[in-house]
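S.K.: Can you look at this prediction? I've put the sequence above it.
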Amino acid sequence: MAFTQDELAAVEKTVAARRTFKVIGDTVDPVSFDDQFDQRCRALVRSAVRAADAAPFHYDRNFGGVAQPWRVDILWHDSCQKIAANFHQWFDDVKPGNKLPGMLSACGACVIVSWLPQFSGCSTEDVSVSGQALPAKDKQIQIDHEHLAATSAYVQNLLLLLTASNMGTYWSSGGQFRTDAMKQRIGLEEAGSVLAAVFVDFLSDGAGQGDASKPTKVAPERVPGKLANKRAAAESWLAEIGIDQF
């Protein structure tokens, strides 16, 4: 497959444009959207979730007949806001300043991406992958590492596709979404391990909010990622290895 220079430039622009912003809203006055704008944004998110499936994976996870080692659940803003409203009743062991309710109040969607571990502990017996018997402990660890890496590739695909759709994103490790209590309350697959709660900002710059959004009394706060200015130059982590002779 050949890309034109313009197409390559568009890909590079998308990669460079991806930025982390934690968008925090008011739980009393959460964001709301015009129906037409909302439906357009939901269609873009659904499209991105499906297109991100092009991520590579090395082993057939075969969970419920599905080869991919990931699972995706979408919470739209109305569901997010219900969780935010009940958050401190559901979880009485969190600090009052927990940012999750505010993030749930401001997002257009929260995409929960879970990876599916294949092994529990380290068996001393051989395992079978694609009909081939393999040494147990080290291979089990390797396979699960592959599943985790593949799901990370899925998440990065999703972030880039949403960025290209002019939406803001924040990759959260999940917080309370990783707990059994939350999974049971909202119906997440308990076999999965939450890798990312991707908060999608419908109203980021360029998202086309115009008159389509219904303004809130308190504008969401957009906080850049804390490591945004700490990236080292490529020369500090990049090496080109040449093998002149053996």
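M.R.: Ah, there it is. If you're wondering where the values come from, they're calculated on a predicted model, not measured in any experiment.

S.K.: Which of the helices and strands in this structure ranks last by mean pLDDT?
M.R.: strand 213-214 (a mean of 52; mean pLDDT, DSSP states H and E).

S.K.: quick one: buried residues of whichever helix or strand comes after that strand?
M.R.: Downstream of strand 213-214, the next assigned helix or strand under DSSP states H and E is strand 221-224. For strand 221-224, a neighbour-count test (16 or more other C-beta atoms under 10 Å) marks residue 222 as buried. (Glycine included, C-beta is placed from N, CA and C.)

S.K.: which other residues reach strand 221-224?
M.R.: 19, 20, 21, 22, 23, 24, 25, 102, 168, 201 (C-beta atoms under 8 Å, 6 or more residues apart in numbering).

S.K.: nearest to residue 240, of these?
M.R.: Proximity of those to residue 240 was ranked by C-beta to C-beta; the top entry is residue 19 with 28.2 Å.

S.K.: That closest one against residue 231, yeah?
M.R.: No - contact criterion C-beta atoms under 8 Å: residue 19 and residue 231 do not qualify, at 11.5 Å.

S.K.: roughly how far is stretch 141-151 from the heart of the chain?
M.R.: Remark: stretch 141-151 is offset 17 Å from the chain centroid, using C-alpha atoms, centre = their mean, to the nearest Å.

S.K.: Quick one: the strands in the chain, in order.
M.R.: Under the criterion DSSP state E, the chain contains strands at 21-24, 32-33, 70-76, 109-115, 127-129, 132-134, 168-172, 193-201, 213-214, 221-224.

S.K.: Can you add distance to residue 180 and give those strands back as a markdown table?
M.R.: Converted to a markdown table, the strands of the chain look like this (distance: least, C-beta to C-beta, whole Å):
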| stretch | distance to residue 180 |
| --- | --- |
| strand 21-24 | 25 |
| strand 32-33 | 31 |
| strand 70-76 | 15 |
| strand 109-115 | 13 |
| strand 127-129 | 26 |
| strand 132-134 | 31 |
| strand 168-172 | 18 |
| strand 193-201 | 11 |
| strand 213-214 | 36 |
| strand 221-224 | 29 |
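
S.K.: Of those, which is nearest residue 10?
M.R.: strand 168-172 (17.9 Å).

S.K.: name the helices or strands packed onto the closest one?
M.R.: strand 21-24, helix 100-106, helix 136-164, strand 193-201 (3 or more C-beta pairs under 8 Å, 6 or more residues apart in numbering; DSSP states H and E).

S.K.: now the last one and strand 70-76, what's the angle there?
M.R.: It refers to strand 193-201. Here the directions of strand 193-201 and strand 70-76 differ by 40 degrees (axes from the mean of the first three to the mean of the last three C-alpha atoms, to 10 degrees).
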